[in-house]
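In: Okay, sequence plus prediction incoming.
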Number of protein chains: 2
Amino acid sequence: MSAASDAGVELLVCTTCRRGQPSDAEGPRPGEQLHDALRAQWLPDNVRLKPVECLSNCSSGCTIVLRGPGRWTCVYGNLDAAIHAPVIAEGAAKYRDAPDGLVPWRERPEHFRKNCIARIPPLEASE
Amino acid sequence: MSAASDAGVELLVCTTCRRGQPSDAEGPRPGEQLHDALRAQWLPDNVRLKPVECLSNCSSGCTIVLRGPGRWTCVYGNLDAAIHAPVIAEGAAKYRDAPDGLVPWRERPEHFRKNCIARIPPLEASE
């Protein structure tokens, strides 16, 4: 593991996402279900799972963010709690191991390749 | 101006955005044109314009990001250099004046209300 990856990264999950469900749907929201699936999923070392209320990517949820100091912040969407927890774990490990957070396109999980919502350069780079 | 807004905010612009143009289109890219329009636009004090090569919101460009230390980072899309520079300036001023970067929905420019791509909480909040 590189020195950069020692700092750890955060995996944010939008827990309020409805994923297209009507607002009066009963039961836990898809975003909360994704958070639960990730809590039950093995996650790589130094990847901290954090719930967030609304990442405002409502039309392309469910949504996660990978970020960390000195790294690009990456937003991924169209995630499904029923199938994507292992994919997210794989993508998070690769993100953690990339010192600047930029994983080469071919090395990303297929869902990440096709469902990148945005990426934002590290704040530190612009000082 | 509040103490928080004194720190200044950044206005990132994706300069590589094609905004749906074919890859062999000639002339400057729409993202570069948006950056040029913002350079020519009056911008609020303490808002620094910064070009970025690819914010990876390609399907909903052109794209900007507003961010700053201790603030939510906000991504907005579907922007057009021909009409949106004043709208972006207005939205940037309101963002700057909101200590945490969260502008109440009704106070945002209409384009910002309808074209929020994602929002990400400040890194500091999670330490």
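Out: Received, thanks.
In: and after the helix or strand encompassing residue A:31, which helix or strand comes next?
Out: For residue A:31, the host element (DSSP states H and E) is helix A:30-40. Following the chain from helix A:30-40 toward its C-terminal end, the next helix or strand by DSSP H and E is strand A:47-52.
In: buried stuff in that following strand?
Out: Burial within strand A:47-52, assessed by neighbour count using 16 or more other CB atoms under 10 Å in any protein chain shown, is assigned to A:47, A:49, A:51, A:52. To be clear about C-beta, it is placed using only N, CA and C from the backbone, and glycine gets the same treatment.
In: So what sits opposite the most centrally placed residue in chain A in the bridge?
Out: Centre of chain A computed as the mean C-alpha position; nearest residue by CA atoms, centre = their mean is residue A:64, 3.1 Å away. On DSSP bridges, the residues paired with residue A:64 through beta bridges are residue A:13, residue A:76.
In: which residues sit in contact with it?
Out: In this structure, residue A:64 makes contact with A:11, A:12, A:13, A:14, A:34, A:75, A:76, A:79, A:88, judged by CB atoms under 8 Å, 6 or more residues apart in numbering or on different chains.
In: So the residue of chain A positioned farthest from its centre: helix, strand or coil?
Out: The centre of chain A is farthest from one residue, residue A:24, which by CA atoms, centre = their mean lies 26.3 Å away. Here residue A:24 takes the coil state, with states given by DSSP: H, G, I helix; E, B strand; the rest coil.
In: Could you check how far it is from chain B?
Out: Look at residue A:24 and chain B: by CB to the nearest CB, to the nearest Å, they are 21 Å apart.
In: what does residue A:79 give?
Out: Taking CB to the nearest CB, one finds residue A:79 at 13 Å from chain B.
In: Quick check: closest non-adjacent residue to that residue.
Out: The spatially closest residue to residue A:79, leaving aside those adjacent along the chain, is residue A:62, at 4.3 Å (CB to CB, 6 or more residues apart in numbering or on different chains).
In: Chain B contacts on chain A?
Out: By CB under 8 Å from any CB of the partner chain, the part of chain A that sits against chain B consists of A:10, A:12, A:48, A:50, A:52, A:54-57, A:63, A:65, A:67, A:69, A:73-75, A:116-121, A:123, A:126.
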